[in-house]
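*Asks:* Take this sequence and fold it.
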Amino acid sequence: MQAKSRTLSFILLSFLLGGVAGGFVGASFFGQKGSARLSRAHIMREFTEKVHLHGSQPEVIDSLLEVYKAKLGEIRKSHSEAFRLQRDSLRKEIRKVLSEEQNSLYDQFIREMDERESRFWKEKK
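*Replies:* Just a heads-up that it's a prediction; the model follows:
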């Protein structure tokens, strides 16, 4: 095997193993079932207790959270779009290296990854 082929194989293998490891770690340590997700009210009660909020502080902070919710959502959305653009560019570059048969297998791999990502975001909602 030529050095160039070995290097490319190493990069692709590293990419795939990183994705698998990241998925495993994310699911193992950060994954939450739909029913296990905490409500905003629960989080606010816990915050109030732990930070010892008093008087009108909980209401003021809750209104601040409401104001910033839309702003933070827009930032998340723009970052998500930038991420998707970079991911698509990477996929195009990878395709240039693969044979026709490998591209077909890569299509299947991408579908599986996209389905996994879709399930993850559905569970987060």
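*Asks:* what number of residues lie near N103?
*Replies:* 13 (other Cβ atoms under 10 Å). C-beta here means a position set from N, CA and C on the backbone, and glycine is covered the same way.
*Asks:* any idea how far F109 is from it?
*Replies:* 10 Å (Cβ to Cβ, to the nearest Å).
*Asks:* Could you list every helix and strand in contact with the longest helix along the chain?
*Replies:* Ranked by number of residues, the top helix in the chain under DSSP state H is helix 57-97. Taking 3 or more Cβ pairs under 8 Å, 6 or more residues apart in numbering; DSSP states H and E as contact, the helices and strands that helix 57-97 lies on are helix 40-51, helix 100-124.
*Asks:* and T48, how many neighbours?
*Replies:* Neighbours of T48 using other Cβ under 10 Å come to 15.
*Asks:* Test for you: state the pLDDT assigned to it.
*Replies:* Looking at T48, its pLDDT is 88.
*Asks:* show me what contacts it?
*Replies:* 57-58 (Cβ atoms under 8 Å, 6 or more residues apart in numbering).
*Asks:* now do 10 Å
*Replies:* 54, 57-58, 61-62 (Cβ atoms under 10 Å, 6 or more residues apart in numbering).
*Asks:* One more: L8?
*Replies:* Contacts of L8 (Cβ under 10 Å, 6+ apart): 1-2, 94, 97-98.
*Asks:* secondary structure class for the residue lying farthest from the centre of the chain?
*Replies:* Most distant from the centre of the chain: G55, at 37.6 Å, with distances by Cα atoms, centre = their mean. Three-state call for G55 (DSSP: H, G, I helix; E, B strand; the rest coil): coil.
*Asks:* related to what we said a few turns ago, out of the contacts of L8, which end up buried?
*Replies:* I94 (16 or more other Cβ atoms under 10 Å).
*Asks:* pLDDT value on the residue lying closest to Y106 once chain neighbours are set aside, please?
*Replies:* Spatial nearest neighbour of Y106, chain neighbours left out: L98 (5.8 Å); criterion: Cβ to Cβ, 6 or more residues apart in numbering. L98 carries a pLDDT value of 89.
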